[in-house]
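> pasting the sequence and the predicted model now:
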Amino acid sequence: MKCLAAAFLILLGSLLQAEEAGGGAPLDFNLYMQGKYVYERNCIVCHGPRGDGNGELSPTLKPKPRSFREGMFKFRSTPYGMLPTDADLRRTITGGLSGTAMGMFSHLQKDEVEAVIGYLKSFSRRWKKPENYAPALKFSPPPEWFKAADELKMHAQAGQKLFAVNCAACHGEKADGKGPAAISLKDIWGIPAAPVDLRQAHLRCGDNPADLFRVLATGLNGTPMVSFDATLTEAQRWDIIAYILSVRLPSVPVL
């Protein structure tokens, strides 16, 4: 027990020194310990004690649980390559990611969510460097034509042409994730990064047009899915989203 206590004090001291060296806010010891407790009760079995995605259940899961060591997060409202905001992390923790083992942790109290967010940041040094931060992008709301069936169909037809040029190489002409480049794609961890079947009723990023627009604007860090913010206009991105919605399969109950 004395050895464990000594090791813990050494770890705590190194964390405090890292905070001072990085110029970040002083470590809140109580918040850190609360976050550690929440993490070990809810997250460690998948994400592992070191936050590297190698938890006890990891070998049985597809996709593999996220590693927090690199500080790379897919689902954000910040520009490509930047760290997520706390609101982004909060949305993933409480809302989950459809089609993965990342469930909804909506049972956690607000202070528990804030604490575990703080604890997650201790896994990567990227959180200590100001240049990795950026404010959330501001996104335009879906155009009014989404509410008019005839106009929506017209924009979907335009979006299909844009999709063929910008998206089909990975996601396939039918948006089924079977594009010619799909088999060779990998993420920064060297794991095959199969493009998503966009026809699914529920997508990891969310089901609403605004969720799709956010991904087209920000990209998915650590994956071949880059941002289209600089290459497609807002109008073109909304047209592509209209096409994706036009090929979406109906939601069916899960037995």
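Great, that's in hand.

> please tell me I have it right and K186 contacts P192.
Yes: taking Cβ atoms under 8 Å as the definition, K186 is a contact partner of P192 at 5.7 Å. From N, CA and C alone the C-beta is placed, and that goes for glycine too.

> the residue nearest to the spatial centre of the chain: which element?
The chain has F75 as the residue nearest its centroid, 2.4 Å off, counting by Cα atoms, centre = their mean. According to DSSP states H and E, F75 maps onto no helix or strand at all.

> surely it and S98 touch.
No: F75 is not in contact with S98 according to Cβ under 8 Å; the separation is 11.3 Å.

> which residues of the stretch 51-200 of the chain fall in helices?
86-95, 110-120, 149-166, 168-171 (DSSP state H, counting those that start in this stretch).

> so what pLDDT did the residue nearest to A164 when sequence neighbours are not counted get?
Sequence neighbours aside, E173 is the residue nearest to A164 in space, at 6.4 Å (criterion: Cβ to Cβ, 6 or more residues apart in numbering). As predicted, E173 sits at a pLDDT of 96.

> check D28 too.
For D28, the model assigns a pLDDT of 86.

> that one - how many residues pack around it?
Applying other Cβ atoms under 10 Å, we find 13 residues neighbouring D28.

> same question, P49
Count around P49 with other Cβ under 10 Å applied: 13.

> for it, what are its contacts?
40, 55 (Cβ atoms under 8 Å, 6 or more residues apart in numbering).

> if we can go back for a sec, how close does the residue nearest to A164 get to S184?
Separation of E173 from S184 (Cβ to Cβ, to the nearest Å): 18 Å.

> for the two, indicate the residue with more neighbours.
E173 (14 against 10).
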